[in-house]
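Participant: Give me the fold of what follows.
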Amino acid sequence: MSKQPKSKTVDERLAEIRERLSDARRLSGLTQTAIAEAMELSNSQYSRLESGSTEMTLRQFLIACEEVHLDPAAVLGAHEEAAIQSLRRRLVDTETKLAAIHRVLGKKDVWET
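Facilitator: Residues are numbered from 1 along each chain as shown. I've put the predicted structure just below:
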């Protein structure tokens, strides 16, 4: 039986989200000031949001995503979860097919070597 990877803490996940937003902002050629203005914040207030010393509200998060043209679900990692679920479904399907093959071949224990 394989071990499940340790899930990330909330703080680790928030740090990843901030990093994704910061990377997207830089790749878009936008400054912190530009995002701060869209949020109606000072540059220093936005800087604290991006660094994690102040927590971002949902409204601020949505504005930041809009400014850097990112889907909020993608920033949150929803696409990764969907990919993992797809892989799990494929694994179950493959295991089911393997079990059927073993039955046809006459093996009693599917996982017997």
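
Participant: just the helices in this protein please.
Facilitator: The residue ranges that make up the helices of the chain, judged by DSSP state H, are 10-27, 32-39, 43-51, 58-67, 72-75, 78-105.

Participant: Now render these as TSV, adding mean pLDDT and mean neighbour count.
Facilitator: C-beta coordinates here come from the backbone N, C-alpha and C atoms, glycine included. Below are the helices of the chain laid out as TSV (pLDDT from 0 to 100; neighbours: other Cβ atoms under 10 Å):
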stretch	mean pLDDT	mean neighbour count
helix 10-27	92	14
helix 32-39	96	18
helix 43-51	96	16
helix 58-67	96	17
helix 72-75	87	15
helix 78-105	77	11
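
Participant: any idea how far Val68 is from Leu21?
Facilitator: Applying Cβ to Cβ, to the nearest Å, one obtains 7 Å for the distance of Val68 from Leu21.

Participant: so what sits against both of these two?
Facilitator: With contacts defined as Cβ atoms under 8 Å, 6 or more residues apart in numbering, no residue is adjacent to both Val68 and Leu21.

Participant: Make sure Ser22 is actually in contact with Glu50.
Facilitator: Yes: A contact is recorded between Ser22 and Glu50 when judged using Cβ atoms under 8 Å, the distance being 5.3 Å.

Participant: Off-centre distance for stretch 20-32?
Facilitator: For stretch 20-32, the gap between its own C-alpha mean and the chain's C-alpha mean amounts to 17 Å (Cα atoms, centre = their mean, to the nearest Å).

Participant: Can you give me every residue that contacts the spatially most central residue of the chain?
Facilitator: In the chain, the residue lying closest to the centroid (Cα atoms, centre = their mean) is Gly77, at 1.8 Å. Applying Cβ under 8 Å, 6+ apart to Gly77 gives the contacts Arg13, Glu16, Ile17.
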